[in-house]
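[1] Below is the sequence, then the predicted model.
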Amino acid sequence: VQLVESGGGLVQPGGSLRLSCAASGFTLSSYYMSWVRQAPGKGLEWDSDINSGGGSTYYADSVKGRFTISRDNAKNTLYLQMNSLKPEDTALYYCARVGDRLGPREYEYDYWGQGTQVTVAS
C-alpha cells in the first residue's frame, strides 16, 4: 500500500491549489479516505473525508465552502481542491486511509502519505 501526495506549493492569499493523492496497492473506492493537515508547531487537524462509496463528503468548519474532496476511481486518486486559501491554511497536508471507524469523524488511520507542503503567503 502506498499513498503519494502532490500539488502543494506557494500561493498567495485568495488563491487556489489542487492536491492529489495517488494510491497503489489497494482500491481507493473501497475505503473511507481523509485529508489531514499539520501546521508548523501544531498537531494534526482533520480537514475532510469521503466515504467508500464516494457519495458522502465531510468537512471541518474551517474549510467548509472552500475545500472540495473528490476522487477519480479510474485513476485511483484522491483530490483536494482548495480555494480562497488563507495564511492559516499553511501546513503539511496528508492523505490517509481509514483503517477503522470509531464513531462520527473519529477514525484510526492505517496508511499515510508523506505529505505535501502548502504555503499561503504574499
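    Cool, the structure landed.
[2] Quick check, central residue of the protein?
    Among the residues of the chain, Trp35 comes closest to the average C-alpha position under CA atoms, centre = their mean, at 2.2 Å.
[3] Give me the contacts around the helix or strand hosting it.
    Secondary structure assignment for Trp35, by DSSP states H and E: strand 33-38. Contacts of strand 33-38 with the rest of the structure, by CB atoms under 8 Å, 6 or more residues apart in numbering, involve 19, 21, 44-50, 67, 69, 71, 78, 80, 89, 91-98, 107, 109, 115, 118. To be clear about C-beta, it is placed using only N, CA and C from the backbone, and glycine gets the same treatment.
[4] Can you give me the end-to-end span of stretch 78-89?
    The first residue of stretch 78-89 is 19 Å away from its last residue (CA to CA, to the nearest Å).
[5] What residues of stretch 57-69 count as buried?
    Tyr58, Tyr59, Ala60, Val63, Phe67, Thr68, Ile69 (16 or more other CB atoms under 10 Å).
[6] Buried among the contacts of strand 33-38? Make that a PyMOL selection.
    What follows is the PyMOL syntax for the buried subset of the contacts of strand 33-38, where burial is set by 16+ other CB under 10 Å:
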select buried, resi 19+21+46+47+48+49+50+67+69+71+78+80+89+91+92+93+94+95+96+97+98+107+109+115+118
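[7] So which of the contacts of strand 33-38 are in helices?
    The members of the contacts of strand 33-38 all map outside helices under DSSP state H.
[8] can you tell me which of the contacts of strand 33-38 are in strands?
    19, 21, 44-50, 67, 69, 71, 78, 80, 91-98, 107, 109, 118 (DSSP state E).
[9] circling back: how much does the strand holding Trp35 deviate in direction from strand 44-50?
    In terms of direction (axes from the mean of the first three to the mean of the last three CA atoms, to 10 degrees), strand 33-38 departs from strand 44-50 by 160 degrees.
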